[in-house]
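> Got a predicted structure here, sequence first:
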Amino acid sequence: MSEATELLAAMGNGDAEAAARLWPLVYAELRRTARAQMAGERAGHTLQATALVHEAYARLLNGEAETWEGRRHFFGAAAEAMRRILVEHARRRDAAKRGGGAGRVPLDEDELPAIASPCDQIADVLSLNAAMERLEVEHADKAELVKLLYFAGLSLDEAAAALGISKTSAHRQWVFARTWLYDAMTNGE
């Protein structure tokens, strides 16, 4: 059993100091996961990978007492926390972008500024989140694979090992999940 797994178990048993000892062991891997998630975001994103790691870790520790079933469970939960943080960030940005509750101001047609095309991917993040939520309901095993590959940044081999399935099965599930998500995002069903 690895030291990280032992510390996760100790945290589940109420050892308050285990979290402090766990942080240096998991920080590099959490940072790699955050960088992988941030790579899919628009350029100039206001949330940085370091902030994403710290926020996700704080949420994991400040939630209800959790008994981690090992590294896979912990890093899966961390990836899910990071995904939720990015979605919340996108929703806040989208709300602000749409006026954030501000009143309308009438303008003459000649006074309208030129409209630039949006350079962010807010709609994509929200669409992906909605599709992921439906995938979790309909195909939980495939949703877990997507989280490990897309959000946790694991390779196909690593994700297959974490899920206890063959690389061939993981590849088939990944192809299915990508197609399913694409269809759900483009057709909205």
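Done, it's in.
> buried set for stretch 7-23?
Neighbour counts over stretch 7-23 (16 or more other C-beta atoms under 10 Å) mark 7-11, 18, 22 as buried. Where C-beta positions appear, they are placed from N, C-alpha and C, glycine not excepted.
> Just the closest of those residues to L128, please.
Proximity to L128 was ranked across the buried residues of stretch 7-23 by C-beta to C-beta; first place goes to L8, at 28.5 Å.
> secondary structure class for that closest one?
Using DSSP: H, G, I helix; E, B strand; the rest coil as the criterion, the local structure at L8 reads helix.
> distance of it from L145?
To L145, L8 is 22 Å away according to C-beta to C-beta, to the nearest Å.
> coming back round to it: export the buried residues of stretch 7-23 as TSV, with columns for distance to R31.
Formatted as TSV, the buried residues of stretch 7-23 follow (distance: C-beta to C-beta, whole Å):
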residue	distance to R31
L7	18
L8	18
A9	23
A10	23
M11	20
A18	20
L22	14
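> Farthest-apart pair in those, please.
Across those, the longest distance by C-beta to C-beta is 10.6 Å; it joins A9 and L22.
> Fine by me, thanks again.
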